[in-house]
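[1] Pasting the sequence and the predicted model now:
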Amino acid sequence: MDTCDVLIVGGGPAGSACAWALRRAGVDALVLDRAAFPRDKVCAGWITPQVIDALHLDTDEYRRGRTFQPFTGFRVGLVGGSRPVETRYAAAVSFGIRRCEFDEYLLRRSGARLTLGTPAAAIVRDGEGWVVNGAIRARMLVGAGGHFCPVARAINRDERSDRAMPLVVAQEAEFPIDPDDTAATAPDIPELYFCRDLRGYGWTVRKGQYLNVGLGRLDSRSLPRAIAEFVAFLERAGRVRGTAARRWHGHAYLVPAPLIRRAVDAGVLLVGDAAGLAYPQSGEGIRPAIQSGLFAARTIVEAAGRYTRERLQGYDTWMRSAFGAESPALRAMSRLVPPAISLPLARRLLGSPAFVRHVVLDRGFLRR
């Protein structure tokens with residue numbers, strides 16, 4: 001049986017960030033993931049300067065052979081609308097990446113031992129530690145496997161709590177485009193289009209020679225119709241060609257869940273989507289995943305081998321502070337505007353350059 005100090009189930013950004021920080025502290029970390037890397041992970045995929053700083057990324061080294069597209073503005077509008085608002089910034093406010101490249105880079109850079117292509121099929125508490133698949137023993141377990149993480153299920157047996165929270169469902173496609181395609185989204189300006197009921201939004205994000213098109217909603221039953229309307233709108237506007245025939249991928253996650261899904265127990269922490277930490281206003285999960293992975297590693301190191309619930313409770317306190325209590329302005333962004341404001345007025349606000357810049361983008365999407 002293999003042994004390690006910390007077993008991390010999930011090799012995405014949350015698990016990789018945690019493993020990287022643990023290895024820097026001299027902790028023996030092993031990452032287990034059901035996928036072989038590089039994996040096919042479709043995502044609108046942008047990271048902010050805060051992510052680069054937190055991970056000490058060498059962007060010159062990263063961009064060699066990988067997509068790293070600076071974004072200096074956004075276009076924001078309504079599906080079916082005629083005039084999106086364009087917002088420009090003096091410098092890059094985020095950077096487009098491809099998850100198949102980004103996730104593998106972070107995982108290999110972590111320096112952790114890797115067991116890939118193997119799901120966590122059996123998780124058993126054994127005394128003060130854990131045994132996974134009858135083959136790996138660890139005193140400490142980190143669940144980083146996304147919304148359907150097996151570790152999250154192991155410590156949250158009652159799934160009724162999950163059903164109490166909104167579930168975001170999304171579908172998207174990513175594909176190479178002709179560099180000379182004048183209809184495609186500009187490489188430095190992603191486009192965001194909100195559904196007319198403001199319960200979701202679609203996007204077109206160009207990252208180098210790749211285009212990502214997708215849409216997410218809080219209502220799963222209306223998703224197919226919303227996607228069809230969005231793609232038809234893009235086609236009519238000349239923004240994309242032949243997108244409906246592409247291979248689309250789906251995913252789902254809770255928003256928000258840190259006050260509902262238990263993320264701390266004796267010898268176990270949940271990070272990223274496994275803990276329900278995507279931002280409710282934008283659905284972004286990369287920055288919360290990395291933040292939580294780094295703080296989980298810090299919590300583990302400070303516990304100094306005594307992984308009781310009490311010694312790990314600082315992680316729960318941090319998580320609730322960072323994700324459990326949004327400002328009124330950000331809470332309003334979950335539907336963009338307070339419920340007392342009518343939908344027609346809300347749609348007009350999306351035509352206001354000041355509202356789009358300061359509320360939708362700076363507070364909601366970029367969290368500047």
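    Received, thanks.
[2] Pick out the residue nearest the middle of this structure.
    The residue lying closest to the centre of the chain (C-alpha atoms, centre = their mean) is Gly285, at 1.9 Å.
[3] so what's that residue up against?
    Applying C-beta atoms under 8 Å, 6 or more residues apart in numbering, we find Gly285 in contact with Tyr253, Gly272, Asp273, Leu277, Ala278, Tyr279. C-beta coordinates here come from the backbone N, C-alpha and C atoms, glycine included.
[4] What are the buried residues along the longest helix along the chain?
    Counting residues, the longest helix in the chain under DSSP state H turns out to be helix 286-303. By 16 or more other C-beta atoms under 10 Å, the buried positions in helix 286-303 come out as 286-301, 303.
[5] could you give the mean pLDDT of that helix?
    Across helix 286-303, pLDDT averages out at 96.
[6] so what does it touch, helix or strand wise?
    The contact analysis (3 or more C-beta pairs under 8 Å, 6 or more residues apart in numbering; DSSP states H and E) places helix 286-303 against helix 13-24, strand 46-47, helix 49-55, strand 136-143, strand 268-270, helix 309-323.
[7] can you do 6 Å?
    Judged by 3 or more C-beta pairs under 6 Å, 6 or more residues apart in numbering; DSSP states H and E, the packing partners of helix 286-303 are helix 13-24, helix 49-55, helix 309-323.
[8] so what's Ala228 closest to, chain neighbours aside?
    Ala244 (7.6 Å; C-beta to C-beta, 6 or more residues apart in numbering).
[9] Assumed that neighbour was part of a helix.
    Yes. Under DSSP: H, G, I helix; E, B strand; the rest coil, Ala244 sits within a helix.
[10] what does the lengthiest strand in the chain rub up against?
    With DSSP state E setting the assignment, residue counts place strand 167-176 as the longest strand in the chain. Residues outside strand 167-176 that contact it (C-beta atoms under 6 Å, 6 or more residues apart in numbering) are 42, 209-210, 212-214, 216, 220, 223, 227, 246, 248, 250-253, 255, 283.
[11] measure Ser292 to Glu61 for me?
    Separation of Ser292 from Glu61 (C-beta to C-beta, to the nearest Å) stands at 25 Å.
[12] The longest strand of the chain pairs with which strands?
    strand 210-217 (antiparallel), strand 249-254 (antiparallel) (DSSP bridges).
[13] want to throw those strands into a markdown table with mean pLDDT and distance to Asp265?
    Output for the strands paired with strand 167-176, formatted as a markdown table (pLDDT from 0 to 100; distance: least, C-beta to C-beta, whole Å):
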| stretch | mean pLDDT | distance to Asp265 |
| --- | --- | --- |
| strand 210-217 | 92 | 30 |
| strand 249-254 | 78 | 18 |
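[14] Quick one: closest of those to Asp2.
    When the strands paired with strand 167-176 are compared by C-beta to C-beta, strand 249-254 sits nearest Asp2, at 30.4 Å.
[15] Which elements pack onto the helix or strand following the closest one?
    Later in the chain than strand 249-254, the nearest helix or strand by DSSP states H and E is strand 264-265. When contacts are defined as 3+ C-beta pairs under 6 Å, 6+ apart, strand 264-265 packs onto helix 309-323.
[16] List the buried residues in the helix it packs on.
    Buried, per 16+ other C-beta under 10 Å, within helix 309-323: Arg311, Leu312, Tyr315, Asp316, Trp318, Met319, Phe323.
[17] mean confidence for the helix or strand containing Tyr105?
    Element membership of Tyr105, judged by DSSP H and E, is helix 99-109. Averaged over helix 99-109, pLDDT sits at 96.
[18] rewinding a little: who wins on neighbours among the contacts of Gly285?
    Within the contacts of Gly285, neighbour counts (other C-beta atoms under 10 Å) peak at Gly272, which reaches 32 neighbours.
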